[in-house]
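K.L.:
Sequence plus predicted model, see below.
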Amino acid sequence: MIASYNAERFISNCLHSIAEQSASVAQTFLVDDASTDNTVALVQQTNLPTLTTHQMPENVGKSKALNQVIPFITSEWVLELDADDWLDPDAIATIKMLVNTTSIKEGLLYGNFRHWKQEQKTVTFKKIAKGKAVRSQQDLLRYPFPLGPRLYHTSSLQALGGYPTSSFHDGRLFEDVLLLREWLNHYPFHYADFTVYNVRKHDESITKKNHSKWNDFLRYL
């Protein structure tokens, strides 16, 4: 599931990485959060048979946007993919192998990130950010980078009602942390040492623009 907003620079690469998967993808949901650039036109040009799109009439933020499609997901697991990121070609095959060969039956599965720096016209590999086990609220809030890639057990996500909304910046920031805090009260976290998800660092990213608000968010909690 993908939420997009003014992602014309990167959305084609994101969707292309899904189309190139070595293993089948059951469903791809993209919610466009009232983009004002060419994002929607580029999505419509994408040849991805599994793709279902939903257009928000007004900008509401990522959590509210993704909540529009969560009730319609029928696959056992769902991966949250940011519109400016992309997957390795064997990502889905690796994930299916992990789910099928371990005791993971519900909850959340996550691993490592591969970080890239977006320059003007090139993207440069920086490092692999290794994940670690999260067993408590304190572990989550001290995690050194956004926890992920996040694979949610679909029925668990639906049972929680999707992403919680908050009054902090109208629910538009750190929505993943709010969901994960609630998740810890009901379902387990599973860390596995795998790297299939590529994070693009660039000046327009919401995370970079709002990094300074993290301390405000902690006080809000």
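P.N.:
Here it is on my side, so go on.

K.L.:
Can you check the pLDDT for the residue nearest to the spatial centre of the chain?
P.N.:
Geometric centre of the chain, nearest residue: residue 80, 3.1 Å, by Cα atoms, centre = their mean. Here the pLDDT value assigned to residue 80 is 96.

K.L.:
same question, the one 5 residues further on
P.N.:
With respect to pLDDT, residue 85 scores 97.

K.L.:
Test my guess that residue 118 contacts residue 198.
P.N.:
No - counting by Cβ atoms under 8 Å, residue 118 stays clear of residue 198, with 11.1 Å between them. (Glycine included, C-beta is placed from N, CA and C.)

K.L.:
residues in contact with the residue nearest to the centre of the chain?
P.N.:
Residue 80 is in contact with 1-2, 66, 148-152, 176, counting by Cβ atoms under 8 Å, 6 or more residues apart in numbering.

K.L.:
how about the closest residue to residue 79 other than its chain neighbours, phi and psi?
P.N.:
In space, and not counting its chain neighbours, residue 79 is closest to residue 151: 5.2 Å by Cβ to Cβ, 6 or more residues apart in numbering. Backbone torsions of residue 151, given as degrees, to the nearest 10, read phi -110, psi 110.

K.L.:
Can you tell me how far residue 151 is from residue 138?
P.N.:
From residue 151 across to residue 138, the span is 23 Å (Cβ to Cβ, to the nearest Å).

K.L.:
before we move on, what about residue 16?
P.N.:
From residue 16 to residue 138 the distance is 39 Å (Cβ to Cβ).

K.L.:
in this structure, which helix or strand is least confident?
P.N.:
helix 206-209 (a mean of 54; mean pLDDT, DSSP states H and E).

K.L.:
In this structure, which strand is the longest?
P.N.:
Ranked by number of residues, the top strand in the chain under DSSP state E is strand 189-201.
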